[in-house]
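Student: Show me how the following folds:
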Amino acid sequence: MSFPTIINAPNPDLDGNPDVATLADGRIAIAYQSRGPDGAFDIVLRVRETDGTLGEEFRPEGDWFGARQPEVTVLSDDTLLLSWIAQQTGPDGPTGVVLAQQVRADGLALTPVFTVIEQPEDSPGPLELLVVAAESDGGFAARVTPERDPDFDFPRYTSVLFEDLEFLEPTQIDVPQNPLNPRPGFDVAEGFRLNYNSRSFAFAEQSPITTNNYLDIPEDYGLPFVERSKADLSLTLDSFLSLGGDQFLVFVNFPYAEGETPPPEFTPFHAFEVTASPRAFKADVIAPDPIWISEDRLNSDAVDGFAAIALADGGWAVTWSENSDVFAQVFDADNQPVGDNYLVAGGPAIQRLPQIAQASDETLFFAWNERDVDGQLDVLSREVALSELAIGEYERETRPFLEITNARMQGDAVEGAVLRLAGDLDSSGRLTETDIQWFRVFDGQAETIEGANGLRYTLTPDEVGAAVVARATIANADGAEVTLSVRLGGAGGPPRLVENLQTPAEGEIGLSGDPVVGATLTAEPEIVDLDGFDPDDFIYAWLRDDEPIPGAFQPTYQLTEEDLGADVAVEIRFRDGFDNAERVLSAPVFVRTPPTDGDDLLLGGSRDETIRGRAGDDRIDAGGGADVVRGDEGADVFVFARGYGADVIEDFAPGLDRVEFDFDGIDRARDLIRAADILQDEEGVTLDLGNGDALTLLGVTRADLSPSDALFV
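Tutor: From the prediction side, this is the model:
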């Protein structure tokens, strides 16, 4: 059995946050954060020789302060890239940067310290997560994420690619502009590129992978955890491990939903082996059952740091810190555990932030932080044989039980009310069966309610005057099963009978016809009333700006000059089967002048509309709402302003037609290109200006457009 070694012996009691990487000859590069005599943090690199001895410290020099989170990466030529997060003083004060330096394993610097990433001006907080990966044909890729803005679900990040280190400048930079729709970044695994949305943006020809839209997790993952897991997998894209080809591991690490009882098999730290199936512009990602890592099912908190590597002979190994101890687990190529959870470091000191590397075909190398009872911090390491890690049998204890208490039916005994089954459930395993059936009971005779098999049921007129009962059979994977019946009103006393309640009419009234002066509008009702009605009893009342139009009581209405510029709607009145007065109002339409073959000014309202011009040089201002416009012949001008919503131009002719943009801060074509997210698909070009304002030009490519196609107010 090996014993820990203090890596930072030249500067004991002050150093931490290690990172490790294996060189081709089996030596281990170790980077860590070091506190100097003045209290400022610096970065240190040491190389552990194959005989276990440690080389001299290498400390990069330069104009920065607050160095932290070091990363050491072995490049394709077996040199080392030492990178870290720091701060530099600029004209406007301190700013976050990612710095790096290429060195040989013997400590000879091959480049000066250079800037990898500068913190964006609109960054919500300090830089906190750095990921660096070597490219197989030289150079490296890096991504850094600032402290997450609590107002947004997705983290913002900056990604860069250095194809080589000749000029110490990035070849590609990706900085998302809109945190609600961040552009895709790239991953740390060779051959994979990651997306946060469905559009691809990659620095190479590899298939991008999107996890938030195309992840399939089995239902037996443990409700209600499955939905949280989908979200988590889209937020921890730095935490995965390539297994080669189209296979990789995604690691999940967060506690179970607060107030919920986890399934007995659940532990916060686990993984999925994911298969990426490339498609056009993206890849479907399929994940089977989760791979449980920790044997401790009693812990419901996320682990305090973890790292994983693929093993040279197949399989993989992972290390993590939990309850102030460091553990490790080896898995074979089929994701089956080899041995049990191995205690790498324990005792009264706090052990955390472990790292792992393969020192040889027979051994693994671990490094971690240790904070002793006096508060002193050191970087420790230990080499452990794979044969020692394989000792023991991985066991996750199962406790078969299934208990339901306080079972009840919630809701009012009134037609239209929603009834809900509730109770407290405690189970030793995932549920394998939930069989529910609702019944209506008249004079002691039960009738099955067809299709009523869920936890909720909405009372219909068929239940008026009846009692309601639900029967449920629930079973779990451990073989436990419970069957129970629940009655509206409870078990004691007479049952509660469902009462009748007026059901308001629902549905809508469509208005067909072009809303222009002289055209005829036709009311097309699609009305539903559970209390019944006779369509022959409908009374039609047409309205202009919410006021009745005299004499307009037919299903059709011809628009006049008095309607120009007004909102026209129709109201249908009737009495239902229980003699209740009902009214249903259509959505209004905005009446405009009809187009001519001359030069027209066509104005829309604030609702969704379709506006079409004719011959002549028309000016079309569709206004608010999701509008579809067509200029037809002539040199037409289409007005698009802030608050106009998502509009579509069906026949925009580059070089002839123009779009007049009315947005603050957009005064020329260059401003428009910077402000808009310009997206090309098979239908056309979309200019997304944020806040719901987007303009789509059908049948147009981005290459067709020029600055002369735009006007600015």
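Student: what residues are up against residue 484?
Tutor: Each residue near residue 484 by Cβ atoms under 8 Å, 6 or more residues apart in numbering is listed here: 404, 407, 471, 472. Glycine gets a C-beta too; all of them are placed from N, C-alpha and C.
Student: Quick one: neighbours of residue 494, just the number.
Tutor: 7 (other Cβ atoms under 10 Å).
Student: try residue 708
Tutor: 10.
Student: Assign a three-state SS to it, would you?
Tutor: Counting by DSSP: H, G, I helix; E, B strand; the rest coil, the backbone at residue 708 sits in helix.
Student: residue ranges with poor pLDDT in the stretch 251-400 of the chain?
Tutor: Scanning the stretch 251-400 of the chain for pLDDT under 70 picks out 254-266, 275-288, 298, 300, 397-400.
Student: Pull out the buried residues from stretch 369-382.
Tutor: Buried residues in stretch 369-382, counting neighbours by 16 or more other Cβ atoms under 10 Å, are found at 369, 370, 371, 377, 378, 379, 380, 381, 382.
Student: among those, which are in strands?
Tutor: Residues of these located in strands (DSSP state E): 369, 370, 371, 377, 378, 379, 380, 381, 382.
Student: Quick check, the fifth one in contact with residue 10.
Tutor: Which is residue 378. No. The criterion here is Cβ atoms under 8 Å, and residue 378 misses it with residue 10 at 11.5 Å.
Student: Output the contacts of residue 484 in a markdown table, with secondary structure, neighbour count and pLDDT appended to each entry.
Tutor: Shown next, in a markdown table, are these (DSSP: H, G, I helix; E, B strand; the rest coil; neighbours: other Cβ atoms under 10 Å; pLDDT from 0 to 100):
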| residue | secondary structure | neighbour count | pLDDT |
| --- | --- | --- | --- |
| 404 | strand | 15 | 88 |
| 407 | strand | 17 | 90 |
| 471 | strand | 14 | 95 |
| 472 | strand | 20 | 94 |
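Student: farthest-separated two in these?
Tutor: Greatest spatial distance among the contacts of residue 484 (Cβ to Cβ): 404 and 471, at 12.9 Å.
Student: rewinding a little: looking at the contacts of residue 484, which one is closest to residue 646?
Tutor: Checking those against residue 646 with Cβ to Cβ, the nearest one is residue 472 at 45.0 Å.
Student: Any idea how many residues pack against the closest residue to the closest one other than its chain neighbours?
Tutor: Leaving out its chain neighbours, the residue that sits closest to residue 472 by Cβ to Cβ, 6 or more residues apart in numbering is residue 436, at 4.8 Å. By the criterion of other Cβ under 10 Å, residue 436 has 17 neighbours.
Student: give the contact list for residue 436.
Tutor: Neighbouring residues of residue 436 by Cβ under 8 Å, 6+ apart: 421, 453, 454, 455, 470, 471, 472.
Student: got the CA positions of whichever strand or helix holds residue 526 in CSV?
Tutor: Here residue 526 sits within strand 520-528, counting by DSSP states H and E. In CSV, the C-alpha atoms belonging to strand 520-528 read as follows (Å, rounded to 0.1, in the frame of the first residue of the first chain):
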residue,chain,number,x,y,z
THR,A,520,-67.0,40.5,-47.2
LEU,A,521,-66.1,38.8,-43.8
THR,A,522,-67.7,35.5,-42.9
ALA,A,523,-68.0,34.2,-39.4
GLU,A,524,-66.9,30.5,-39.0
PRO,A,525,-67.8,29.5,-35.4
GLU,A,526,-66.1,26.5,-33.8
ILE,A,527,-67.9,26.5,-30.4
VAL,A,528,-68.1,23.8,-27.8
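Student: so which of the ones in strands among the buried residues of stretch 369-382 comes closest to residue 584?
Tutor: Of those, the one sitting nearest to residue 584 (Cβ to Cβ) turns out to be residue 369, at 67.9 Å.
Student: what's near enough to touch the closest one?
Tutor: By Cβ under 8 Å, 6+ apart, residue 369 lies in contact with 16, 17, 18, 350, 351, 352, 353, 377, 378, 379, 380.
Student: do that again at 6 Å, thanks
Tutor: By Cβ atoms under 6 Å, 6 or more residues apart in numbering, residue 369 lies in contact with 16, 352, 353.
Student: sorry, back to before: present the ones in strands among the buried residues of stretch 369-382 as TSV; the columns should include distance to residue 555.
Tutor: Formatted as TSV, these follow (distance: Cβ to Cβ, whole Å):
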residue	distance to residue 555
369	78
370	83
371	80
377	82
378	85
379	82
380	84
381	84
382	85
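Student: So for the closest residue to residue 135 other than its chain neighbours, what pLDDT did the model give?
Tutor: Using Cβ to Cβ, 6+ apart and skipping the chain neighbours, the partner closest in space to residue 135 is residue 141 (6.2 Å). As predicted, residue 141 sits at a pLDDT of 85.
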